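[1] only the shape, not the letters, is given here:
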Ligand code: PLP
């Protein structure tokens, strides 16, 4: 059962006020708030368990290693990967994509090749590819989007050519909320033997992800967008590809044997985890995933769909308000603009009224360019948000409109 009052009790920050008003936090696509269990896991590690992991023979090091590796297993279960060594810990989705762009790109990209993306990618799934493409004299190809903010899949099969080396695409758009038909795209790409990377940064907190069922080759996400800590993220990769790819960074932990002449690299996942990892946050990620699983992604998705539906209807009642991103399949993210009011001005006033939304291009400038707008106001919901909070946002938006009229 989904008990919203109990869930809200789990998040201490929701008790605070801003400008003497209760906090209404609708910037969940940027980062989610943390339940007490995650905060406790971080404090417990530093208060009681702190030690470097993987190499120590002493008690604390072994306990830490065990907890960190338990977390890897928890990620494996959470996304239903085949093996825990296919889970690489990174700093976040951005680093996961950089890892694949750099390592996969070094191994497989050559002059004239293409990386296929979509028109709704976050900069994190554009710029790393541009960097490696520049080095390899390869280029980006882009699946366009429609007015509703969905992928334009007309002629999609023709976009996979003998030059295409990888499809890298977002599961859920952070700017529009669109849920992409990634299973269909993965199946098409695989028909042409093209591997697929899914940017799941906006998906894992809203949808049940099963990498085995999807059959994607890479899947990545950030801990902090799924109620976990910042500074920890995940790259899932199929064993065969990860084995073939060269290391991303060199250093301690990722080696088996080092001499001045030659280094033998460690096995997966350590080959891709150079240096002391982010131990505390890695351990606390398990607490976050366990928390989400205890509520159940199915229940979360149902509840958030209700919030999305409620907010969309309320917003559409406001004169001069336009929603960007009206896909049939959407996560709980709404981007909109008020006629003749700059999103930054609206966002600043909403903030003073206690409503935290995001304004701007949301690190997805190509979509904003496509719509011909400077940015949007984005309200993004999480499992602890309520209809009453949405009512509060609507009232505040009406105040914004009054102030500008
Ligand atoms: N991809 C998408 C779709 C995102 O929304 C974000 C962050 O907003 C990222 C990637 C990058 O995530 P991070 O900054 O946590 O690495």
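    Received, thanks. Keep in mind the model is a prediction, meaning the values are calculated, not measured.

[2] enumerate the residues of the stretch 251-400 of the chain near the ligand.
    Proximity of the stretch 251-400 of the chain to the ligand is assessed by C-beta under 6 Å from any ligand atom, with residue 363 identified as the residues in range. C-beta: built from backbone N, CA, C; applies to glycine.

[3] and the helices in the stretch 251-400 of the chain?
    279-295, 297-316, 343-352, 365-371, 387-404 (DSSP state H, counting those that start in this stretch).

[4] which other helices and strands does the longest one contact?
    With contacts defined as 3 or more C-beta pairs under 8 Å, 6 or more residues apart in numbering; DSSP states H and E, the secondary structure elements packing on helix 297-316 are strand 321-324, strand 333-338, helix 387-404.

[5] what about that helix, average pLDDT?
    Across helix 297-316, pLDDT averages out at 98.

[6] for residue 114, give me its contacts.
    Residue 114 sits next to 138, 139, 140, 141, 161, 163, 164, 165 when contact means C-beta atoms under 8 Å, 6 or more residues apart in numbering.

[7] right, I mislabeled it, should have said residue 390
    Taking C-beta under 8 Å, 6+ apart, we find residue 390 in contact with 307, 310, 311, 314.

[8] quick one: name the residues of the stretch 1-150 of the chain near the ligand.
    By the criterion of C-beta under 6 Å from any ligand atom, the positions of the stretch 1-150 of the chain lying close to the ligand are 92, 93, 94, 122, 124, 125.

[9] would CSV of the residues you listed with secondary structure and pLDDT be doable?
    Written out in CSV, the entries for these read as follows (DSSP: H, G, I helix; E, B strand; the rest coil; pLDDT from 0 to 100):
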residue, secondary structure, pLDDT
92, coil, 98
93, helix, 98
94, helix, 98
122, coil, 98
124, helix, 98
125, helix, 98
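
[10] from the residues you listed, which would you call buried?
    Among those, those scoring as buried are 92, 93, 94, 122, 124, 125 (criterion: 16 or more other C-beta atoms under 10 Å).

[11] and the residue nearest to the spatial centre of the chain, its phi and psi?
    Central residue of the chain (C-alpha atoms, centre = their mean): residue 201, 1.0 Å from the mean position. Dihedral pair for residue 201: phi -50, psi -40, per degrees, to the nearest 10.

[12] quick one: residues contacting the closest residue in space to it that isn't next to it in sequence.
    Nearest residue to residue 201, sequence neighbours excluded (C-beta to C-beta, 6 or more residues apart in numbering): residue 93, at 4.0 Å. Remark: with contacts taken as C-beta under 8 Å, 6+ apart, residue 93 is in contact with 124, 199, 200, 201, 220, 221, 222, 225, 233.

[13] what does residue 4 give?
    Taking C-beta under 8 Å, 6+ apart, we find residue 4 in contact with 303, 384, 386.

[14] how much space between it and residue 349?
    Applying C-beta to C-beta, to the nearest Å, the value for residue 4 to residue 349 is 27 Å.

[15] hmm, back to that, need the buried ones among the residues of the stretch 1-150 of the chain next to the ligand in JSON lines (columns: distance to residue 40).
    Written out in JSON lines, the entries for those read as follows (distance: C-beta to C-beta, whole Å):
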{"residue": "92", "distance to residue 40": "22"}
{"residue": "93", "distance to residue 40": "25"}
{"residue": "94", "distance to residue 40": "27"}
{"residue": "122", "distance to residue 40": "31"}
{"residue": "124", "distance to residue 40": "30"}
{"residue": "125", "distance to residue 40": "33"}
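
[16] quick one: low-confidence residue ranges for the protein.
    Counting by pLDDT under 70, the chain shows no low-confidence range.

[17] domain-wise, how is it divided?
    Structurally, the chain divides into domains by automatic domain parsing as follows: 4-30+296-404, 39-294.

[18] and residue 243, how many neighbours?
    Using other C-beta atoms under 10 Å as the criterion, residue 243 is surrounded by 12 other residues.

[19] buried ones in the helix or strand encompassing it?
    Using DSSP states H and E, residue 243 falls within helix 239-244. Of the residues in helix 239-244, those with enough neighbours to count as buried (16+ other C-beta under 10 Å) are 241, 242.

[20] which strands and helices sit next to that helix?
    Counting contacts by 3+ C-beta pairs under 8 Å, 6+ apart, helix 239-244 packs against no other helix or strand.
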